[in-house]
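**Student:** Dropping a prediction and its sequence here:
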Amino acid sequence: MFYYYGRKKQIIRHYPVPNYDVIIEPFAGAASYSFHHNSIAKQVLLIEKDEKVAAIWTWLIHDATEREIQTLPELQPGEKSSEFLHIIHAVTKMAFAFKTIKVTPVLARNWEISRRVFAKHLHEIKHWEIICGDFTEAPDIEATWFIDPPYSGESGRGYRYSSTLIDYTMLANWVLSRKGEIICCEGEGANYLPFTPLIDLKGVAGKTSKEVIFYRQGKQRQRQQGRLFEPPIQIFPPGEPATY
Ligand SMILES: C[S@@+](CC[C@H](N)C(=O)[O-])C[C@H]1O[C@@H](n2cnc3c(N)ncnc32)[C@H](O)[C@@H]1O
């Protein structure tokens, strides 16, 4: 629904489509996966620890009206804003530290796009739910789990609740204990789950980065395919090479 540092919008089509009618994003951010696969038939539950990000979702889901969206002001390059919803449109991890931002042409353009997305899609997310809290507060139910935590490498350090606060061995065990279908995102080098390559991303100055994925089918899909056995997975402490 909005621009956000680390959002998956540009690559979301590379992830498996959800096989359950309930999607849970326990590290919500801008919730690209739920938004991409949204339909009135899908129940969506977001969990987000950053109070300011969760407040955007509370506003969009419970409070914002189409009339209010239409009156959201444009932003002009050069002006200053202290609105967190504006600041995150700079799409930089610095945004989490800024109290005020000077609007750049890129930020103004991103905000313009989000204003249009809000106006067009607001009514489609009114049945979603948001919990402001820790990922461990998610209900223990069968669902499609799209798990996109702050990455364990450098890029995960920018968030207000950053990778430095996450115990990745504990996260791995939590991920594996989810009921249903599991899609877990990470960057190259992460080894707390048996990740496999998903896609190479082209960045600035010819640099590339690799996205990796851990995927486990839910029983629903296995039933459809007549396969119910799943081999166990062993978790290694971070830093130790995983030999799967
Ligand atoms: C990589 S971003 C998610 C991006 C999202 N998939 C998207 O497409 O916009 C990770 C999010 O997890 C949140 N987060 C960090 N620690 C958390 C925790 N312990 N519980 C819940 N959310 C957390 C961060 O605030 C951030 O918004």
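**Tutor:** Received, thanks. Numbers count the residues shown, from 1 in each chain.
**Student:** Count the neighbours of E188 for me.
**Tutor:** The local packing of E188 (other CB atoms under 10 Å) involves 14 other residues. For the C-beta atoms, the positions are set from N, CA and C on the backbone; glycine is no exception.
**Student:** For it, give me phi and psi.
**Tutor:** Dihedral angles of E188 (phi, psi; degrees, to the nearest 10) stand at phi -50, psi 140.
**Student:** Please apply the same query to Y20.
**Tutor:** Y20 adopts backbone torsions of phi -120, psi 160, taken as degrees, to the nearest 10.
**Student:** From R13, how far off is the residue of the chain found nearest the ligand?
**Tutor:** Here the chain gets closest to the ligand at one residue, G29, 2.7 Å apart by CB to the nearest ligand atom. Distance, G29 to R13, by CB to CB, to the nearest Å: 17 Å.
**Student:** which one of those two has more residues nearby?
**Tutor:** Shown here are G29 and R13; by other CB under 10 Å, G29 has more neighbours (23 against 9).
**Student:** how many neighbours does the residue lying closest to that one once chain neighbours are set aside have?
**Tutor:** Closest residue to G29 apart from its sequence neighbours, by CB to CB, 6 or more residues apart in numbering: Y4 at 5.1 Å. For Y4, the neighbour count with other CB under 10 Å is 20.
**Student:** Regarding the closest residue to F98 other than its chain neighbours, which helix or strand does it belong to?
**Tutor:** Nearest non-adjacent residue to F98, counting by CB to CB, 6+ apart: I87, 5.3 Å away. I87 is part of helix 84-87, with elements assigned from DSSP states H and E.
**Student:** for that helix, what is the average pLDDT?
**Tutor:** What helix 84-87 shows for mean pLDDT is 96.
**Student:** So which elements touch that helix?
**Tutor:** Here helix 84-87 touches helix 51-58, going by 3 or more CB pairs under 8 Å, 6 or more residues apart in numbering; DSSP states H and E.
**Student:** mind listing what's buried in the helix it packs on?
**Tutor:** 53-58 (16 or more other CB atoms under 10 Å).
**Student:** Contacts for that helix, please.
**Tutor:** Identification of contacts with helix 51-58 by CB atoms under 8 Å, 6 or more residues apart in numbering yields 2, 4, 28-29, 31, 46, 48, 84-85, 88, 128, 130-132, 160.
**Student:** next SSE after it?
**Tutor:** Downstream of helix 51-58, the next assigned helix or strand under DSSP H and E is helix 66-70.
**Student:** After that following helix, which helix or strand is next? Please name it.
**Tutor:** Assigned by DSSP H and E, the successor of helix 66-70 is strand 80-81.
**Student:** Give the partner strands of that following strand in its sheet and their orientations.
**Tutor:** Sheet neighbours of strand 80-81, with direction, are listed as strand 101-102 (antiparallel) (DSSP bridges).
**Student:** per-residue confidence averaged over the partner strand?
**Tutor:** pLDDT averaged over strand 101-102 gives 94.
**Student:** Done for today, thanks.
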